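J.: Generate coordinates for the sequence data below:
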Amino acid sequence: MYPGAYDPARPAVVTADGTTTLTYGQLEEDSLRLADHLRTAGLRAGDHLALLSGNEPRVMEVYWAAMRSGLYLTAVNHHLTAEEAAYIVRDCGARALIVSGDLSELGRRVAEFAPGVTHRLGFDDGTYDRALRAASAEPPDVQPRGADMLYSSGTTGRPKGVRSELPGGDIRTDPSLLHLLFQPMYGFDEETVYLCPAPLYHAAPLRFCGTVTGTGGTVVLMRSFDAEEALAAIERHRVTHSQWVPTMFVRMLKLTDAVRARHDTSSMKVAVHAAAPCPVEVKRRMMRWWGPVLYEYYAATEGNGITFIGPDEWLRKPGSVGRAGLLGELRICDEEGKVLPPGETGTVYFERDELPFRYHRDEDRTREAQHPDHPHWTTTGDIGHVDEDGYLFLTDRKAFMIISGGVNIYPQEIEDCLVLHPAVADVAVVGVPDEEMGESVRALVQPAEGSLPTPDLGRELIAYVRARMARHKVPREVEFVTALPRTPTGKLAKGKLRSQAERPR
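T.: Residues are numbered from 1 along each chain as shown. Below you'll find the predicted structure:
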């Protein structure tokens, strides 16, 4: 469906603090006007529109203007430098750029580095509003469905544009694949109140907000994540649905009992989480707190496949991210591409009937994502295994694996152990060069508030892991840091961490 199908007075997007509301009537009219303006400016189906914005309700106007014009929408991480953001704008081939007011200087510099941008609008400098006032709100006869073309977060290298074919059809009559997948899975409807605590330039937040506003629900938009403010928003707006990453769970769990008890979360029916493996004990604690409302899926920006698992299933299969089938079957393969039996660990591939995506202007990386013998099987580099019932258990990303003395060590499980220690606010585990073992395990730890980064604490953390994990997984050393580089969706920038850790101390 699309915004015009719903009551014009109904709230489509509200800010978590309650200061701004975008109704369905405004969303429909403004997205139609923006689509008309972009057509007048010369953009046609298949062209690219770039967006630099924080979590502003008007982002959804831009989203629906692109979706009803057959455009590719590229939302750009506004935490990047001007040169980094301009690389994405140039690489996607954007002809138009829309910028929110607090990012106007970044937008100006990006436009200087991206000469292909011939049209620029700003939310707060008057250009966006003037463009809309001068445009028509009359629905055109044809409204071809567009698509997003987002960029990987670049945790292991330069961001890659993920491009799929335009889906075709008309937004008024042809539901999107996201609608067909997630609406029945999570029960999105006109009664849904969906909390979005993550940045809209990432795939899941943008796509879920698009799905909710395509099914008549209300999006509650946080400008940035704060653990207690998220709980307050759930209570204030009687949130029924939400989406999280495990880091957010950890930060909410580390609030005091009194703070957590202060906020009523009983309205929550579905709390979706994804983006990174969730430590088993963290998920158990969340379910004891919120009840059996946690629903997990495993997917990627590439959209090459997906698994789902509900709370009851997860309690039977703790640690699993679910089973596949809705977007292709799972295959676990060894280094040569041989399919492995249940229980054996290898690279996770999804089998499809056709290649589901390409990396924009990068055929080498596209080929790297394909199975050596089955080009329609693709991977994003994750490692895991399936059990006899077909449930997937993720281990880590292949690029992050540590090989010490010929033994494969997966940092994720060590991180999952350490993050539960009360003195740890955040942790990353990396491999560093070791003359004897090839690599050794180092834990980079951000101490929790009130904990001192002393040698005694380092020894305590090593002993904590030793009591819970095999000897070869225990960190040789603990290095204390003031903060760890994470993307706003909670992913560790492991490539940056490894290069830093390899430098002499």
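J.: hey, let's count contacts and neighbours off CA atoms from now on
T.: Noted.
J.: Distance check, A82 against L106.
T.: 6 Å (Cα to Cα, to the nearest Å).
J.: Who has more neighbours out of these two?
T.: Here A82 and L106 are compared on neighbour count by other Cα atoms under 10 Å; more neighbours surround L106, at 22 against 18.
J.: Tell me the first helix or strand C-terminal of the helix or strand encompassing that one.
T.: Following DSSP states H and E, one finds L106 within helix 104-113. Remark: after helix 104-113, the chain's next helix or strand is strand 119-122, criterion DSSP H and E.
J.: Just the buried positions in the helix or strand just after that next one, please.
T.: Counting by DSSP H and E, the element after strand 119-122 in chain order, helix or strand, is helix 127-134. Neighbour counts over helix 127-134 (16 or more other Cα atoms under 10 Å) mark Y128, D129, A131, L132 as buried.
J.: Show residues contacting helix 127-134.
T.: Outside of helix 127-134, the residues within contact range by Cα atoms under 8 Å, 6 or more residues apart in numbering are D30, R33, L34, H37, L121, G122, F123.
J.: Tabulate the residues you listed in JSON lines, adding columns for neighbour count and pLDDT.
T.: Listed next are these as JSON lines, based on neighbours: other Cα atoms under 10 Å; pLDDT from 0 to 100:
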{"residue": "D30", "neighbour count": "24", "pLDDT": "98"}
{"residue": "R33", "neighbour count": "23", "pLDDT": "98"}
{"residue": "L34", "neighbour count": "26", "pLDDT": "98"}
{"residue": "H37", "neighbour count": "21", "pLDDT": "98"}
{"residue": "L121", "neighbour count": "20", "pLDDT": "97"}
{"residue": "G122", "neighbour count": "22", "pLDDT": "97"}
{"residue": "F123", "neighbour count": "19", "pLDDT": "96"}
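J.: quick revisit: what is the mean pLDDT for the helix holding L106?
T.: For helix 104-113, mean pLDDT rounds to 94.
J.: ok so, going back, of all the buried residues of helix 127-134, which comes closest to A399?
T.: Nearest to A399 among the buried residues of helix 127-134 is Y128, at 42.4 Å by Cα to Cα.
J.: ok, V430 touching A493?
T.: No. The criterion here is Cα atoms under 8 Å, and V430 misses it with A493 at 11.1 Å.
J.: what about the two, which has more around it?
T.: The neighbour comparison of V430 against A493 (other Cα under 10 Å) goes to V430, with 27 against 18.
J.: From D257, how far off is the more buried one?
T.: V430 sits 32 Å away from D257, going by Cα to Cα.
J.: so where is the stretch 101-250 of the chain shaky, pLDDT-wise?
T.: Within the stretch 101-250 of the chain, the segments meeting pLDDT under 70 span 153-157.
J.: Mind pulling up the pLDDT for L492?
T.: Predicted confidence (pLDDT) for L492: 77.
J.: is it true that it touches P485?
T.: Yes. Between L492 and P485 there is a contact at 6.1 Å, judged by Cα under 8 Å.
J.: Looking at those two, which one has more neighbours?
T.: Neighbour count, other Cα under 10 Å: between L492 and P485, L492 has more, with 19 against 14.
J.: Cross-check the contact I'm expecting between E302 and V162.
T.: Yes. Here E302 reaches V162: they are 5.8 Å apart, a contact under Cα under 8 Å.
J.: Mutual contacts of these two, please.
T.: F357.
J.: relative to its centroid, which residue of this structure is most remote?
T.: For the chain, the residue at maximal distance from the C-alpha centroid (Cα atoms, centre = their mean) is E436, at 38.3 Å.
J.: Now do the SS call for it.
T.: coil (DSSP: H, G, I helix; E, B strand; the rest coil).
J.: and it, what is it in contact with?
T.: By Cα under 8 Å, 6+ apart, the contact set of E436 is G405.
J.: How much space separates it from I403?
T.: To I403, E436 is 12 Å away according to Cα to Cα.
J.: R33 too?
T.: As judged by Cα to Cα, R33 and I403 stand 56 Å apart.
J.: next one: K491
T.: 22 Å.
J.: again with N55
T.: For N55, the distance to I403 - Cα to Cα - is 40 Å.
J.: More neighbours: these two, which one.
T.: N55 (20 against 17).
J.: what's the closest non-adjacent residue to the more buried one?
T.: Leaving aside its sequence neighbours, N55 sits nearest to R223 (Cα to Cα, 6 or more residues apart in numbering; 5.0 Å).
J.: Can you get me a residue count around that neighbour?
T.: 18.
J.: The one 5 residues further on too?
T.: E228 is flanked by 15 other residues according to other Cα under 10 Å.
J.: Tell me the secondary structure at the closest residue to it other than its chain neighbours.
T.: Leaving aside its sequence neighbours, E228 sits nearest to M252 (Cα to Cα, 6+ apart; 7.0 Å). Per three-state DSSP, the local secondary structure of M252 is helix.
J.: now the helix ranked longest in the chain, how far from the centre of its chain.
T.: Assignment by DSSP state H gives helix 24-40 as the longest helix of the chain. From the chain centre to the centre of helix 24-40 is a distance of 27 Å (Cα atoms, centre = their mean, to the nearest Å).
J.: Can you spell out which helices and strands pack onto it?
T.: Applying 3 or more Cα pairs under 8 Å, 6 or more residues apart in numbering; DSSP states H and E, one finds that helix 24-40 contacts strand 11-15, helix 59-67, helix 127-134.
J.: mind giving me TSV with those and columns for distance to Y297?
T.: Below are those laid out as TSV (distance: least, Cα to Cα, whole Å):
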stretch	distance to Y297
strand 11-15	24
helix 59-67	23
helix 127-134	37
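J.: Just tell me which of these ends up closest to L22.
T.: L22 lies closest, by Cα to Cα, to one member of the helices and strands packed on helix 24-40: strand 11-15, at 5.1 Å.
J.: The closest one vs helix 59-67, what angle?
T.: Interaxial angle of strand 11-15 relative to helix 59-67 (axes from the mean of the first three to the mean of the last three Cα atoms, to 10 degrees): 130 degrees.
J.: how close does the residue nearest to S104 when sequence neighbours are not counted get to G107?
T.: Nearest residue to S104, sequence neighbours excluded (Cα to Cα, 6+ apart): G122, at 7.2 Å. Noted for G122: a distance of 9 Å to G107, by Cα to Cα.
J.: do E415 as well
T.: 37 Å.
J.: Looking at those two, which is more packed in?
T.: Shown here are E415 and G107; by other Cα under 10 Å, G107 has more neighbours (26 against 20).
J.: Test my guess that that one contacts A50.
T.: No. The pair G107 and A50 does not pass the contact test of Cα under 8 Å, sitting 10.5 Å apart.
J.: for the stretch 401-505 of the chain, which spans come out with low pLDDT?
T.: Using pLDDT under 70, the stretch 401-505 of the chain drops low at 488-489, 495, 498-505.
J.: Where do the strands of it begin and end?
T.: 402-404, 407-409, 424-434, 438-447, 477-480 (DSSP state E, counting those that start in this stretch).
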